[in-house]
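In: Quick check, what structure comes out for this input:
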Amino acid sequence: MPYLVECLASVEGQTLDPARMEVIAVDDGSTDGTGEYLEEFAARAAMPVTVIRQENSGGPSGPRNVGLGKAAGRYVFFLDADDRLGPEALARMVAMADKNNTDVVLGKVEGINRKPPQSMWGRTLDRTDVFSSNIKFTLSAQKLFRRSLLEHHGMRFDESLWTGEDALFTMEAYLRADGVSVVADYPCYYLVGRDDGKHVTKSGSYTLRFDSARALMNLIADMVPAGPRRDTLMVRPFLVTLLPQFGPKFLKDGDDVRAKKMELARPLMDAHWNPEIARRLRVHERLRLHLVAVRRPDLLLDVVEFVRAKKQAGALLEKRGTRVYFAYPHFRVKKAGVPDWIYLAEPREARAVAGYREDAANTFLRRAVRRLRRSLPTREVKAAAA
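Out: Predicted coordinates:
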């Protein structure tokens, strides 16, 4: 409350026939009148409404699992109590899933006092997957899921996680889905920034973020064989979940917290970090994670301070302009021992540098090698590369 009032109003305002909808509302131990308001809503709503009231569970996983266990529809949609739907949201998403026989549908998200993910809304996609689109950068639970997919695989939210449980659930759904659709031409979901700032994703100890990263990395490693496809997905937990722990806040952390963060990161870096993931990141992102991987917090502090100050790293062009190095701290400082390739800009970043000439031959060769890797067994690829 009062966000719930507008949330439920957006449900009543759906253009989808109420006879095709059911609402399962789980009151997770609220103390602000939410339960009573839900009962009032159930009494007047045109669609069937089930209200479940329970002791507070401490996180969103338990209530979502309770609701999912009661659901009977062909599709389920998880709607947070402080957000709301666009009027045509459910009708458009159900129509998209029915038209394309896809198992997950993403509806465009717009923010109200809060910045939503943006890179996946470039165009509407009837059918895509997690490898060939940017949907890996939106892993919140606010998607339309085919319920038979979830039941067939026994999918539920991990109640041991206090944050990032939706990322785990949604990534698994992407990987198991027979196709994913994207509705990018209509605002289906409004992500509301609360005035009190009390969002689950912004609360809790930093250790919870490492738990979340570990769970998602392990899921990806378990479900996707080693190679370029796994590396593509691993970018997400490294970039979105792990890297922020070594951002500006790291400068304010005490020595004990810094040491603890390095300790928590160590098994994740040892198990999953590799040069192919590193090359998919921008130079300053790659540099920070490399310094975490090699246990150099002393060097890391200089880089974080440089990035926090929004300084522009000098660009060094070599090999007749076909290579660009960004001279972030410790570049070619022998004592630091950071390899040159960590500072080497990939073409997508290098193109912004005046004088850069993309090496067409090398670009063609890299693409050819990637195609070869996808088409041949690992042993043959190694032989061809040699």
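In: residues contacting the residue positioned nearest the centre of the chain?
Out: Centre of the chain computed as the mean C-alpha position; nearest residue by C-alpha atoms, centre = their mean is Phe137, 3.8 Å away. By C-beta atoms under 8 Å, 6 or more residues apart in numbering, the contact set of Phe137 is Pro117, Ser119, Met120, Arg236, Val240. C-betas here are computed from N, CA, C, even on glycine.
In: Count the neighbours of the last one for me.
Out: Per other C-beta atoms under 10 Å, the neighbour tally for Val240 reads 19.
In: pLDDT score for it?
Out: With respect to pLDDT, Val240 has a value of 96.
In: doesn't it fall inside a strand?
Out: No. Secondary structure assignment places Val240 outside any strand; it is helix (DSSP: H, G, I helix; E, B strand; the rest coil).
In: check contacts around it.
Out: With contacts defined as C-beta under 8 Å, 6+ apart, the neighbours of Val240 are Phe137.
In: Would you map the strands across the protein?
Out: With DSSP state E as the criterion, the chain has strands at 23-28, 49-54, 75-77, 84-85, 104-112, 125-128, 144-146, 180-192, 314-318, 323-327.
In: next one: stretch 20-36 to chain centre, how far?
Out: 27 Å (C-alpha atoms, centre = their mean, to the nearest Å).
In: Between the two ends of that stretch, how far is it?
Out: Start to finish, the residues bounding stretch 20-36 are 25 Å apart (C-alpha to C-alpha, to the nearest Å).
In: List the buried residues of that stretch.
Out: Buried residues in stretch 20-36, defined by neighbour count with 16 or more other C-beta atoms under 10 Å: Met21, Val23, Ile24, Ala25, Val26, Asp27, Asp28, Ser30, Thr34, Gly35.
In: who touches that stretch?
Out: Contacts of stretch 20-36 with the rest of the structure, by C-beta under 8 Å, 6+ apart, involve 1, 4, 11, 14, 38, 41-42, 45, 47-57, 62-64, 66-67, 70-73, 81, 90, 94.
In: Now, those residues that are in helices?
Out: Secondary structure assignment (DSSP state H) places 4, 11, 38, 41-42, 62-64, 66-67, 70, 90, 94 from the contacts of stretch 20-36 within helices.
In: and those, which are buried?
Out: Listed as buried from these are Leu4, Val11, Leu38, Phe41, Ala42, Gly62, Pro63, Arg64, Gly67, Leu90, Val94; burial here means 16+ other C-beta under 10 Å.
In: what's the farthest-apart pair in those?
Out: For these, the farthest-apart pair by C-beta to C-beta is Gly62 and Val94; their separation is 26.8 Å.
In: Could you list the low-confidence segments of the stretch 151-300 of the chain?
Out: 196-204 (pLDDT under 70).
In: where exactly do the helices run in it?
Out: Defined through DSSP state H, counting those that start in this stretch, the helices belonging to the stretch 151-300 of the chain, from first to last, are 165-176, 206-223, 228-236, 248-252, 255-272, 275-279, 283-293, 297-308.
In: what would those helices look like in CSV with distance to Thr322 and mean neighbour count?
Out: Listed next are these as CSV, based on distance: least, C-beta to C-beta, whole Å; neighbours: other C-beta atoms under 10 Å:
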stretch, distance to Thr322, mean neighbour count
helix 165-176, 37, 22
helix 206-223, 33, 19
helix 228-236, 23, 18
helix 248-252, 34, 14
helix 255-272, 31, 15
helix 275-279, 16, 16
helix 283-293, 16, 22
helix 297-308, 26, 17
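In: Nice, that's everything, thank you.
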